[in-house]
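K.L.:
I would like to see how this sequence folds:
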Amino acid sequence: MKFASRPKDEEKMSPKPLILRSFVGSLVISFLVMYQVQIKTMWNELPQAAAGDLETTQVRLAAVTKFIDSHPFWIGSYTESGERSRLNAEVVQLRTAKTVVDSQEGSDLVNRRLEAESARARAGQLVLREEYEGARDSLLHALEVAPEDWDQAGQVKKDLAAIEQELEVNG
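P.N.:
Numbering: from 1, shown residues only. Purely as a prediction, here's the structure:
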């Protein structure tokens, strides 16, 4: 049988290749462990997001996305991709909440502007009927409820001064 017999050289393998393989394997494993530790340290140094804060959440999301894109092969990449998804969802939620708040604030400004205009118009009608005290009260109310950037505020102040002068003269 040709296959049953082996030369004696093959039975006695030198330990040098085994030691060399073990050494190289240890180096590779050490390198991989050090790489993973370094990656995890860099991950922990990324900016943190404050709960409920859109700006810091967006900064964290950008940093996480850049980090994952530049380090695609590491043990934590799968779980950290979950954080990217969570941050994306949180950014969408915070943007939606901000839009609702902004629209409510805009609606409040419109309502205040309309109320001020209404009070100003009411004052004009009262002046025509020579009801100066009611007109003064309406103009004061208009100035009280009007937004700070109301373009009619200057004219209302002039009208108010004129009405107060009329009240002093004619009492």
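K.L.:
in the protein, which ranges drop under the pLDDT threshold?
P.N.:
Applying pLDDT under 70 to the chain flags residues 1-14, 105, 171.
K.L.:
Which residue would you name as the spatial centre of it?
P.N.:
Most central in the chain under CA atoms, centre = their mean is L54, positioned 1.6 Å from the mean C-alpha point.
K.L.:
Contacts only, for it.
P.N.:
Neighbouring residues of L54 by CB atoms under 8 Å, 6 or more residues apart in numbering: V91, L94, R95, K98. C-beta here means a position set from N, CA and C on the backbone, and glycine is covered the same way.
K.L.:
same question, Y132
P.N.:
By CB under 8 Å, 6+ apart, the neighbours of Y132 are L126, I163, E166, L167, N170.
K.L.:
Now, of the contacts of L54, which are buried?
P.N.:
The neighbour-count test (16 or more other CB atoms under 10 Å) applied to these identifies V91, L94 as buried.
K.L.:
Take the contacts of L54 and lay them out in JSON lines including distance to Q58.
P.N.:
Shown next, in JSON lines, are those (distance: CB to CB, whole Å):
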{"residue": "V91", "distance to Q58": "6"}
{"residue": "L94", "distance to Q58": "9"}
{"residue": "R95", "distance to Q58": "9"}
{"residue": "K98", "distance to Q58": "11"}
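K.L.:
just curious, which of the contacts of L54 is nearest to G82?
P.N.:
Among those, V91 lies closest to G82 (CB to CB), at 15.0 Å.
K.L.:
Could you measure from that closest one over to A49?
P.N.:
Distance of V91 to A49, computed by CB to CB, to the nearest Å: 9 Å.
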